[in-house]
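The following block contains a protein sequence and its predicted model.
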Amino acid sequence: MQDVHGLSLITTLVNLRLNGKSDSIGTGFFYKNEKDFIFLVTNYHVISGIKPTDKTTKAVHGDEIVIQLRNKDGKVYSERIPLFVGDSHNWLEHPTDEEADIVLIPLLPKVLENADFAYVSNKTAINNLLLYPSSPVVMIGYPYGYRDTKNNLPIWKTGSLASEPEYDFDGKKLIVVDISAFPGMSGSPAFYVSHSGYSTKSGDIYMRGGMNVHFLGVYASMQMLNSDLFLEQVQNQSNFKVSHSESLQLGHVWKAQLLEEIADSFDPDTYLNHFMRKVIRPEVQPSFLPKFENTRW
């Protein structure tokens with residue numbers, strides 16, 4: 001697609017469905033590892049409808065996802081991806097971090113053979129980059145599904161880092177960003193973006209034109225303030241308590257390191273026999289099973 005920034009071509013709208021009916025939407029993006037395998041990256045809760053910590057007690061909400069792609073002429077089409085294949089679930093989780101809200105789904109080459117797309121890799125990075133709270137951040141996704149429907153292009157949201165990026169926020173592999181984000185943006189890629197140059201940890205300053213981009217990680221959720229409010233009804237002097245929830249406009253981004261570690265765990269020869277992590281399936285199973293066997297990744 002002409003005159004479109006490459007980052008606008010890495011994302012896709014993800015629709016979680018059960019028995020052909022839509023359950024929820026989110027954002028996904030494409031990632032290529034060092035072995036040249038391409039994955040769809042999103043949150044665990046986007047493809048399951050539940051939090052990673054609920055996987056042992058609650059059933060997932062869907063049996064498939066549908067992603068939207070664009071062909072070389074910019075026309076939109078969809079691809080269905082099953083969430084379960086035989087006795088295995090069709091996604092990879094982090095091998096050790098049970099709370100990490102990230103999954104990777106390896107994509108068969110035929111899924112993207114007609115698509116006009118771009119991807120993130122571990123090369124989408126600036127070596128030795130110096131980051132600090134207030135550094136600019138961009139997240140790309142689909143707030144409430146909102147997008148350029150004619151051209152099938154996503155929305156760019158801007159903000160800044162709100163925590164020390166070299167530290168694991170609250171002991172988790174998280175970065176906090178100051179940004180307004182909404183449902184539908186879960187699974188969005190987060191980037192440091194500068195149009196005027198950047199500094200390195202060694203003290204060097206690089207003044208470069210154009211857009212300097214560094215992949216930060218995967219957006220998952222907003223920090224909410226939950227409290228009880230007491231409202232007095234004047235007519236009868238009775239007190240009523242209501243629950244109150246308010247966004248702090250602080251988003252949680254799981255660090256890129258986790259994504260890379262998940263991708264490194266992928267083995268195409270044993271993928272369909274990989275250990276079934278604790279997950280409760282929905283009662284309705286998909287009506288189709290794609291042929292992964294004897295397929296070259």
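The structure has been received and is ready for your questions.

and Gly187, how many neighbours?
The local packing of Gly187 (other CB atoms under 10 Å) involves 30 other residues. (C-beta placed from N, C-alpha, C; glycine too.)

pLDDT value on the closest residue to it other than its chain neighbours, please?
Closest residue to Gly187 apart from its sequence neighbours, by CB to CB, 6 or more residues apart in numbering: Thr42 at 3.5 Å. If you check Thr42, the pLDDT there is 98.

ditto for Val137
97.

just to revisit the earlier point, surely the residue nearest to Gly187 meets Phe30?
No: assessed by CB atoms under 8 Å, Thr42 is found out of contact with Phe30, at 10.6 Å.

Have a look at these two and say which one is more surrounded.
Neighbour count, other CB under 10 Å: between Thr42 and Phe30, Thr42 has more, with 30 against 23.

give me the beta-bridge partners of that one?
With DSSP bridges as the criterion, Thr42 is bridged to Val103.

Could you check how far it is from Ile67?
Between Thr42 and Ile67 the computed distance is 9 Å (CB to CB, to the nearest Å).

hey, what's in contact with both of these two?
Contact criterion CB atoms under 8 Å, 6 or more residues apart in numbering; residues shared by Thr42 and Ile67: 14, 28.

From what I see, Leu112 and Ile38 are in contact.
Yes: assessed by CB under 8 Å, Leu112 is found in contact with Ile38 at 6.6 Å.

From what I see, Asn128 and Thr200 are in contact.
Yes: under the criterion of CB under 8 Å, Asn128 makes contact with Thr200 at 4.4 Å.

tell me the phi and psi of the residue nearest to Phe117 when sequence neighbours are not counted?
Among residues not flanking Phe117 along the chain, Leu9 sits closest, at 5.3 Å (CB to CB, 6+ apart). The phi and psi values for Leu9, taken as degrees, to the nearest 10, are phi -100, psi 10.

per-residue pLDDT, Leu9?
The model reports Leu9 with a pLDDT of 95.

and it, what is it in contact with?
Per CB under 8 Å, 6+ apart, neighbours of Leu9: 1, 70, 116-118.

JSON lines for these, including neighbour count?
Converted to JSON lines, the contacts of Leu9 look like this (neighbours: other CB atoms under 10 Å):
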{"residue": "Met1", "neighbour count": "18"}
{"residue": "Arg70", "neighbour count": "20"}
{"residue": "Asp116", "neighbour count": "16"}
{"residue": "Phe117", "neighbour count": "17"}
{"residue": "Ala118", "neighbour count": "18"}
